[in-house]
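# What follows is a predicted structure for the sequence shown.
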Amino acid sequence: MTVMPADLTGIDVRAEIERLRKERNAVILAHYYQKPEIQDLADFVGDSLELSRKAAETDADVIAFCGVKFMADTAKILSPEKIVVLPDMDAGCSLEDSCPPEKFKAFREAHPDHIALTYINCSTEVKALSDVIVTSSSAETILQQIPKDQPIIFGPDRHLGGYLSRKFDRPMLLWPGVCIVHEAFSETELLKLKAKHPDAPIAAHPECPPTIVDHADYVGSTSGILKYANEIEGDTLIVATEPHIIHQMERALPNKTFIGAPGADGNCNCNICPYMALNTLEKLYLALRDLQPRIEMDEDLRLAAKKSLDKMLEMASSTVGKGDLGAR
Ligand code: 13P
Ligand code: SF4
């Protein structure tokens, strides 16, 4: 349910967020795809794995999660005693939507010898039906710990699964989901941009299709792309992921230039995640004030989903692999 616009005339929303953050003993966690004004006042900004770890570790009483619902659900699964609020409950994800639990269950049952390695961008029900959860920053490390002869179902992102499968020469049964944001990058427009900036490397998120990833000099999670931005020798980087991440790059590296990879007509806003964009400072203020919209979940479901998430946290800390998808 989307939060209805409230009359906030005369209210200093930023000052109120500051007051409520202290009063509620709240921590504000934000993903790199959030609007800059949200990233700037968050206590912590990170990728999906880092945010999961923060949610599991925090001693705050309230987690205000500025991201999408599967992320806030993950925080609740790992920190059930906390109040977890999401500024807009409609902040979903096309990958989660692509994978209804009943269909995923049937798919698993049709392949009883396979384990389910599942991207964190899925519902709590699908997590409960999975063996190990991965994020883009932990997928490589985790995959390398699974015996070579063990058949794998990978869902719901067929592009991340396909990328891993090609990179590690590891056949996997792929669920046919995609991220609508990363799917919208245009290869033709990317090549035109590259022609204008021949020395600028391309960094891409593995949710991009192969038509984009195949041109990338670096493929990795949001935190991996940020690290890569720091390491490039030149002064310009083309960034093929949700463009709000560029805010962090410009803050950390003001002397470098970051160009968002283009969508279909070369000039659209189709690479802004429409779900992430639902969160606003005003809705964050209301969420801290009212402690709503709040994540609630059935305890049996939570415990079932926690198993695959705990497995992820354990395996992601292993020293096998590099920890991120890394250079191609
Ligand atoms: P990471 O931040 O883990 O790379 O995930 C990106 C994403 O799709 C968030 O929805
Ligand atoms: Fe989902 Fe894509 Fe938005 Fe991430 S960017 S939340 S994967 S729709």
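Yep, that arrived. Residues are numbered from 1 along each chain as shown. Ligands and ions are numbered 1, 2, ... in the order given.

# which residues of the protein fall in strands?
Using DSSP state E, the strands of the chain run over 26-31, 44-46, 62-66, 83-85, 115-119, 132-134, 152-155, 173-174, 202-204, 218-219, 236-240, 257-260.

# so can I have a markdown table of the ones you listed showing mean neighbour count and mean pLDDT?
Every C-beta, even on glycine, is put in place using the N, C-alpha and C of the backbone. Output for the strands of the chain, formatted as a markdown table (neighbours: other C-beta atoms under 10 Å; pLDDT from 0 to 100):
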| stretch | mean neighbour count | mean pLDDT |
| --- | --- | --- |
| strand 26-31 | 24 | 98 |
| strand 44-46 | 20 | 98 |
| strand 62-66 | 28 | 98 |
| strand 83-85 | 24 | 98 |
| strand 115-119 | 24 | 98 |
| strand 132-134 | 28 | 98 |
| strand 152-155 | 24 | 98 |
| strand 173-174 | 18 | 98 |
| strand 202-204 | 25 | 98 |
| strand 218-219 | 24 | 98 |
| strand 236-240 | 22 | 98 |
| strand 257-260 | 18 | 97 |
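
# As CSV, those strands with distance to ligand 1 would be great.
What follows is those, written out as CSV (distance: least, C-beta to the nearest ligand atom, whole Å):
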stretch, distance to ligand 1
strand 26-31, 6
strand 44-46, 7
strand 62-66, 12
strand 83-85, 17
strand 115-119, 9
strand 132-134, 10
strand 152-155, 14
strand 173-174, 17
strand 202-204, 11
strand 218-219, 11
strand 236-240, 12
strand 257-260, 15
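
# want to throw those strands into CSV with distance to A91?
Shown next, in CSV, are these (distance: least, C-beta to C-beta, whole Å):
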stretch, distance to A91
strand 26-31, 10
strand 44-46, 16
strand 62-66, 9
strand 83-85, 12
strand 115-119, 17
strand 132-134, 20
strand 152-155, 21
strand 173-174, 26
strand 202-204, 24
strand 218-219, 26
strand 236-240, 22
strand 257-260, 21
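
# Around ligand 1, pick out the residues from the stretch 101-250 of the chain.
Selection of the stretch 101-250 of the chain residues close to ligand 1 by C-beta under 6 Å from any ligand atom yields 121, 135-137, 207, 221-222.

# Close to ligand 2: what parts of the stretch 201-328 of the chain are there?
Residues of the stretch 201-328 of the chain lying near ligand 2 by C-beta under 6 Å from any ligand atom: 207, 242, 273, 275-276.

# Among those, which one has the most neighbours?
In terms of neighbours by other C-beta atoms under 10 Å, those top out with E207 at 29 neighbours.

# wait, doesn't that one sit right on S136?
Yes: under the criterion of C-beta atoms under 8 Å, E207 makes contact with S136 at 7.3 Å.

# what comes up buried for the longest helix anywhere in the chain?
Looking across the chain with DSSP state H, the single longest helix is helix 299-316. Neighbour-count burial for helix 299-316 flags 302, 304-309, 311-313, 315-316 (criterion: 16 or more other C-beta atoms under 10 Å).

# Now the terminal residues of stretch 99-118, how far apart.
Taking C-alpha to C-alpha, to the nearest Å, stretch 99-118 runs 11 Å from one end to the other.
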